[in-house]
Each structure stands twice: as structure tokens, then as C-alpha cells.
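In: sequence unavailable; structure follows:
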């Protein structure tokens with residue numbers, strides 16, 4: 001399916017750059033306004049953004065490098081479709097990063113990390129209370145990004161942000177895998193408490209369980225017959 005005007009891009013209101021275009025495209029992909037497998041037509045996008053094809057191509061190549069778009073020779077650029085193996089790989093990589101981060105955090109200043117994580121937890125609670133699955137997903141990602149940032153490693157954080165872009169696509173699927181959004185809140189509350197208590201064994205175990213549970217829920221949902 002080729003991109004149509006239904007994605008609703010508006011002309012850029014400030015000087016266009018590849019970074020700005022990539023930001024708009026990234027948001028459209030992670031919010032589901034561009035569907036997995038959808039083809040991106042250069043002419044249509046350049047017209048919507050009111051830019052030349054040069055910065056547009058550079059922006060799209062950035063997203064190819066991030067894993068959000070894929071390039072097919074002689075065919076064009078498409079929104080990535082994450083397979084079951086991709087799901088397992090994304091969460092396995094996240095598990096490795098977040099394990100390392102939480103160990104560094106707990107050997108540093110766990111109280112400061114727990115304080116920083118209070119905001120995302122409260123955002124999770126508020127979003128779940130109003131039944132806003134998309135806002136729950138945003139707060140979920142914010143929690144894990146803050147957790148990795150607390151480790152103080154720019155490289156861990158950079159790797160995490162790339163994975164979070166792919167994760168945000170999957171969180172759209174995951175919303176429907178939680179009958180009660182408060183379950184997601186509880187998982188993060190318990191992890192924050194383990195960090196506040198400087199309980200390394202519990203925090204690492206909770207990271208593992210959280211990632212494994214996400215994979216299980218996603219694959220179980222995908223295995224359900226389409227009615």
C-alpha cells in the first residue's frame with residue numbers, strides 16, 4: 001500500500017531539516033498512522049512536507065538505520081514489519097541493556113533513581129485510571145528510558161532509545177494484550193520499589209520477568225485466529 005494523504009502530515013512551519021522530517025515520520029510510525037508494510041512514496045511525502053527530496057531521503061535513511069523503515073532495491077522504502085523473531089530479539093536486547101543499567105543504578109544512587117522514576121509511575125497511574133492505553137504506553141517507555149538514563153552511560157541510553165522506537169510499535173499491539181491496564185502500573189511500581197530498596201536480585205529478576213511477559217503476551221495475541 002502506497003502512502004496517501006490520510007497520514008495527515010502538515011507542511012513544516014520552520015526551516016526543514018532531515019532531523020525534523022525524521023522526527024515526524026518516527027512519530028507517525030510509532031503512533032500507527034503509518035502501518036507496518038506501508039510503502040512511503042517520495043513525491044507524496046515531499047509534497048506534504050513541502051521540502052525537496054534530498055532532506056527527505058536523508059531522513060528516511062536515518063529511520064532505515066534505526067530499524068523503523070526498510071529499503072528494498074528497485075522497490076522503495078517501507079515501514080518495517082516486526083516478525084515474531086524480531087519481537088523476541090527486541091526484548092532480549094532490552095533485557096541485556098536494562099539489566100546492566102539497573103545494576104549500575106543500584107551500585108550508584110538508587111534513591112535518586114527511584115525519585116526520578118516517580119514521575120513516570122504517576123503518569124502510568126493517571127493514564128490507566130482514565131483507560132488511555134496510548135498514554136500508558138508512553139509512560140511505560142518514559143519509565144524505562146529514565147531507568148537507563150540513571151545509569152549514566154550515553155551508549156546504553158543511545159542503544160535503548162533505538163530499541164524503544166521499535167518497542168513503541170509493539171506497544172500498540174500490547175495494549176490489547178492487557179485486559180486491565182492497571183497490571184502494567186503494578187509491574188512498574190514493584191520494580192521502582194526494588195530499586196528504592198537497592199535490592200539488586202529482585203530488580204534484575206523483575207526486569208527479566210517484565211520483558212519475558214511482554215514477549216509472551218505479544219506472541220499469544222498474534223497466535224489468536226483472526227475473526
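Out: Everything's here; your move. Predicted model only: the values in this text are computed from it and were never measured.
In: alpha carbons only for contacts and neighbour counts from here, please
Out: Noted.
In: so the residue sitting furthest away from the middle of the chain versus residue 59, what's the distance?
Out: Using C-alpha atoms, centre = their mean, the residue of the chain lying farthest from its centre is residue 74. It sits 29.5 Å away. From residue 74 across to residue 59, the span is 19 Å (C-alpha to C-alpha, to the nearest Å).
In: and what of residue 24?
Out: Shown here: residue 24 relative to residue 59, a distance of 10 Å by C-alpha to C-alpha.
In: more neighbours, these two?
Out: Legend: neighbour count by other C-alpha atoms under 10 Å for residue 24 and residue 59, higher for residue 59 (21 against 16).
In: helices or strands next to the helix or strand where residue 89 lies in the packing?
Out: Taking DSSP states H and E as the definition, residue 89 sits inside helix 84-106. Counting by 3 or more C-alpha pairs under 8 Å, 6 or more residues apart in numbering; DSSP states H and E, the packing neighbours recorded for helix 84-106 are helix 133-149, helix 154-175, helix 200-223.
In: of all those helices, which lies closest to residue 80?
Out: Closest approach to residue 80 among the helices and strands packed on helix 84-106 (C-alpha to C-alpha): helix 154-175, 9.2 Å.
In: now do the buried residues in that closest one.
Out: 156-157, 160-161, 163-172, 174-175 (16 or more other C-alpha atoms under 10 Å).
In: what does stretch 81-92 give?
Out: 81-82, 87-88, 90-92.
In: how much space between residue 83 and residue 59?
Out: Following C-alpha to C-alpha, the distance that separates residue 83 from residue 59 is 24 Å.
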